[in-house]
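Enquirer: Task: produce atomic coordinates for the following.
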Amino acid sequence: MEHQRHPSNNSTRIHRARKRRHSDTSTKLSDIKHVHTLQKTVLSVLLGRLAEGGVNTESITPELLNHCLPNSLDNNSWETLLYTPLKLSDRKLQDMLRLKNTELGDQTLQQTTVYIRCFQIKVDQLQEVIAQFHGTGMQYAKTTIWLGSIKGMQSDETVYIRYVGRTTRTQGAIKRHREDLLTRRTGFFSKFLTGLERTFPTVIDSASVYVFPNKQIKGLREIQDFNDVAEQAAIALLGLPYLLNQVLTKTEGWTLKLHESHWQQFDALGTRTISRLNPCEFYPLAQEPSIASWADAIQCYARDHQGSVSFFRRRSHDFPNSLRDTVFRQAMPSAWRGRFVLLLTVGAGNSREGYKEQRPFYTGPSQSADLLRTSLNRLWNREESKRPEREYLCDLIAAGALPFVDLCPWYQAEGDDLLAAARLLKHPTQLFIRKRPRIAVAIRKELDRDVLSGFAVGEKLSDKRRQQVYRLWGMNIPELHVHIGRDNVNEWFLWGNSVSQGKSLFVDAITQAVWTSSQQCSSQSSAVKQQITSIRKTTAISLGHFADNSDKVAEIELPGALLKEFREVLATNKLESNNWASYSSIEQAVTMQLMKDSIFWEWIHSTRISNELSNDGFIRFKSTYRGHWNEREVFVWKNSPFGIYWESPSGQNFKFIMRAPQSSQDSSHTPRKYIFFTKDGIDLRDETGKSCLVHQGALNSDGVVTFPTRHLPNCQETADLGKQLVTLWETETGLDWRDTTAVSHSLQNQVKDEDGSELPKGFFTGQGLELIRLNWSSEKLQPYRKPPQPADETWLLWLCLKENWPLGGIVFIGIPEKWPSRKDNIWTHLQEF
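Expert: Take a look at the predicted model:
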């Protein structure tokens with residue numbers, strides 16, 4: 001069970017092993033004098049990494065890996081690529097592997113293409129993205145390797161994050177890349193994009209996509225085995241930890257290997273409970289009319305709200321009778337000997353495949369269902385070890401022993417539709433109350449990538465586009481208002497709804513701003529303004545006005561204060577011109593500059609671009625170190641952190657990153673936030689004086705201030721920063737932290753642990769950190785600065801379940817991609833409450 005404490009032990013061990021081999025191989029690389037010898041050395045490294053990843057290398061020939069082998073004697077660059085690929089520039093990688101840029105119209109025939117996506121990002125930006133992963137409890141081998149690679153680097157240095165994939169689309173890798181930006185919802189890459197969208201969206205805009213040239217692998221491209229090896233070799237070459245872009249349970253040879261101690265505990269029970277479950281002993285409950293009525297209500301709602309609950313692939317889809325029958329059949333419960341339902345599974349939403357093909361949960365494409373079946377079948381076969389293995393669980397599923405209902409019975413739902421889904425969910429679950437079922441919760445939290453994407457989705461003025469534009473307006477991203485201020489709301493919405501589908505909103509906004517700036521700086525600017533004025537007096541603004549009309553003058557006036565700053569950044573990036581030929585020429589120049597580096601966009605992120613923006617905007621700013629911070633305004637980003645930049649009395653500068661609670665983003669709070677230092681701690685308040693408090697039951701849930709005094713040492717990543725934060729609090733309040741917390745601790749000890757902080761008997765907490773109690777001291781909370789373990793996360797889940805499922809149940813919470821080193825531990829998958 002020791003590996004359960006450290007979710008990335010396995011990946012870290014592999015990473016260290018590679019570092020040990022690094023010194024030996026580095027010596028060999030530096031001494032190599034011939035290209036052929038360098039090829040053999042790189043080939044040996046690749047085969048070793050493929051073998052580590054479980055790939056059978058016996059049949060792999062050098063010809064199959066030719067696209068990943070050197071063709072020139074560049075020892076230093078190949079050493080960097082093999083062991084510190086994050087430091088190797090795109091230009092150098094392109095030369096070494098003979099990669100070529102991909103364009104949307106490059107590929108017209110359907111063929112398999114292996115590609116590399118490259119993201120340029122600063123070290124401090126990457127650290128912020130990794131912190132988002134850790135803040136949500138997600139541990140990945142990739143982030144561990146990233147942290148090791150950037151250790152010792154300066155915060156403003158550029159690193160290169162890469163993702164390898166393959167596609168058979170007729171338009172090639174660039175189309176696959178754009179589709180993923182809009183539709184991809186699962187896997188590490190999706191979460192990485194989500195993190196960038198929240199904080200550094202222009203990193204996505206500046207991404208490059210390269211493909212391996214066809215001539216290198218001519219004659220082998222359409223062979224499936226070669227396609228696997230070609231992709232895996234590229235992944236291994238870049239030092240990525242996973243060689244297969246597949247679901248773990250679908251990978252050939254994947255097995256659930258439990259620790260022997262776990263098997264001993266299971267064998268010691270000796271109950272043979274699972275193997276005694278005979279499908280013949282499960283009898284359907286007399287609830288058929290009620291379940292049928294519930295399924296009809298789901299279908300009726302879907303047909304009445306097609307545009308919101310069943311819209312994908314650019315059109316609304318019907319909720320057919322066959323899908324209604326599937327919902328009905330899989331929800332029909334059967335009770336063991338008529339006494340109780342074995343297991344009720346509650347899911348999180350229907351997949352596109354499930355919606356279109358009417359595929360049930362337990363026999364469909366769900367990863368959660370696959371893990372449940374795998375785990376229970378292994379236990380079943382363990383009890384019946386003398387019999388041949390078979391899928392016993394399928395018989396129980398067919399008999400109705402494992403009913404399934406969905407939190408969202410349609411393809412998607414939000415807002416009023418989600419509330420309607422919750423109301424419908426109550427009906428079937430209430431039927432099981434007297435039968436005391438166990439509840440398995442198979443939930444995945446998704447983000448609506450369509451509305452947060454920086455690319456225009458849906459057709460012009462379509463429901464999806466209007467939803468995206470409305471959300472983006474509410475988010476108030478400064479980059480999208482460089483051309484139209486927030487005081488011109490109608491013009492901004494007209495622009496957002498008229499951008500061509502698939503086009504970058506950020507690129508279009510900056511292009512229009514540059515075009516307008518250029519026109520105002522030209523010798524004919526006065527004539528243009530007169531023409532615009534006359535047009536505005538006589539005609540209304542049309543939809544096509546902000547579309548891709550290359551040679552039309554955009555009728556938008558930038559604030560005068562913006563022109564000087566624009567000229568400076570345009571001159572720096574060689575984009576200044578008083579005589580642009582057309583709108584499209586600016587767009588091409590902006591796009592090309594964006595593909596080269598991100599300097600152009602960094603200016604936007606770090607500069608207060610316009611005094612004309614409304615005061616309620618979240619404007620990025622340059623950090624200013626101050627000696628006093630009480631009652632100062634702070635800027636809380638959309639992902640909830642904010643910074644306190646303190647200049648101590650000794651002259652040292654300290655940067656404290658505080659994680660504001662989600663309540664700071666509630667609509668009940670005004671946008672502008674201020675911090676106050678009080679005897680109770682540090683409080684984050686809005687303009688009305690309302691505090692942003694953490695929900696009761698969480699770590700900082702005293703209900704008095706945002707960051708209680710006793711928790712201040714644990715609010716930072718390191719203990720030293722925590723001590724400095726305490727010093728800042730003492731400086732602002734004039735109080736002594738130890739004396740204040742001593743009084744608070746004595747009061748806490750007088751408060752008895754109420755029922756809300758006790759766990760039910762037999763609740764399995766695993767070998768991670770002990771679950772948090774509300775009256776713990778700061779010393780006891782010290783370890784919880786680290787990323788949360790499953791046991792800690794289960795604490796919050798249990799509080800929710802205790803309120804809604806008072807009869808108890810079994811919770812499925814395991815996600816192999818989230819904790820790779822725990823994928824073989826069954827207790828990660830099933831836990832009681």
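Enquirer: CA only for contacts and neighbour counts going forward, please
Expert: Fine.
Enquirer: Tell me how far L712 lies from T731.
Expert: Counting by Cα to Cα, to the nearest Å, the separation of L712 from T731 is 14 Å.
Enquirer: These two: who's more crowded?
Expert: Per other Cα atoms under 10 Å, whichever of L712 and T731 has more neighbours is L712, with 21 against 16.
Enquirer: Spell out which residues sit in contact with the more buried one, please.
Expert: Contact analysis of L712 by Cα atoms under 8 Å, 6 or more residues apart in numbering lists G681, G722, L725, V726.
Enquirer: mind listing what the third one touches?
Expert: Listed by Cα under 8 Å, 6+ apart, the contact partners of L725 are F656, L712, P713.
Enquirer: taking the contacts of L712 one by one, which sit in helices?
Expert: G722, L725, V726 (DSSP state H).
Enquirer: before we move on, the earlier item: if you look at the contacts of L725, which of them are in helices?
Expert: Per DSSP H, helices hold no members of the contacts of L725.
Enquirer: Map the structural domains onto the sequence of the protein.
Expert: Domain assignment for the chain by automatic domain parsing gives 7-248, 262-442, 451-606, 632-750.
Enquirer: Lowest average pLDDT across the ones you listed?
Expert: Sorting these by mean pLDDT places domain 451-606 lowest, at a mean of 60.
Enquirer: Make sure I298 is actually in contact with A420.
Expert: No: in this structure, I298 is not within contact of A420 by Cα atoms under 8 Å, at 9.4 Å.
Enquirer: Looking only at neighbour counts, state which of those two leads.
Expert: I298 (21 against 15).
Enquirer: so which strand or helix has that one?
Expert: Assigned by DSSP states H and E, I298 falls within helix 288-304.
Enquirer: Show me what that helix is packed against.
Expert: helix 321-331, helix 416-431 (3 or more Cα pairs under 8 Å, 6 or more residues apart in numbering; DSSP states H and E).
Enquirer: Flag every buried residue along the shortest one.
Expert: Pointing back at helix 321-331 there. Residues L323, R324, D325, T326, V327, F328, R329, Q330, A331 are the ones in helix 321-331 that count as buried (16 or more other Cα atoms under 10 Å).
Enquirer: do the same with stretch 38-46
Expert: Within stretch 38-46, the residues scored as buried using 16+ other Cα under 10 Å are L38, Q39, T41, V42, L43, V45, L46.
Enquirer: Out of those, list just those in helices.
Expert: Among these, the ones falling in helices (DSSP H) are L38, Q39, T41, V42, L43, V45, L46.
Enquirer: Which strand or helix spans L728?
Expert: Assigned by DSSP H and E, L728 falls within helix 719-733.
Enquirer: Report the buried residues of that helix.
Expert: 721-733.
Enquirer: how about these in a markdown table, adding distance to A286?
Expert: Output for the buried residues of helix 719-733, formatted as a markdown table (distance: Cα to Cα, whole Å):
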| residue | distance to A286 |
| --- | --- |
| L721 | 63 |
| G722 | 61 |
| K723 | 64 |
| Q724 | 65 |
| L725 | 63 |
| V726 | 63 |
| T727 | 67 |
| L728 | 66 |
| W729 | 64 |
| E730 | 67 |
| T731 | 70 |
| E732 | 68 |
| T733 | 67 |
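Enquirer: now, among the residues you listed, which is nearest to I397?
Expert: I397 lies nearest to G722 out of those, by Cα to Cα, at 52.8 Å.
Enquirer: R685 - nearest residue in space that isn't next to it in sequence?
Expert: Nearest residue to R685 in three dimensions, chain neighbours excluded: S691, at 4.4 Å (Cα to Cα, 6 or more residues apart in numbering).
Enquirer: Could you do V42 as well?
Expert: What sits nearest to V42 in space, not counting adjacent residues and going by Cα to Cα, 6+ apart, is L69, at 6.6 Å.
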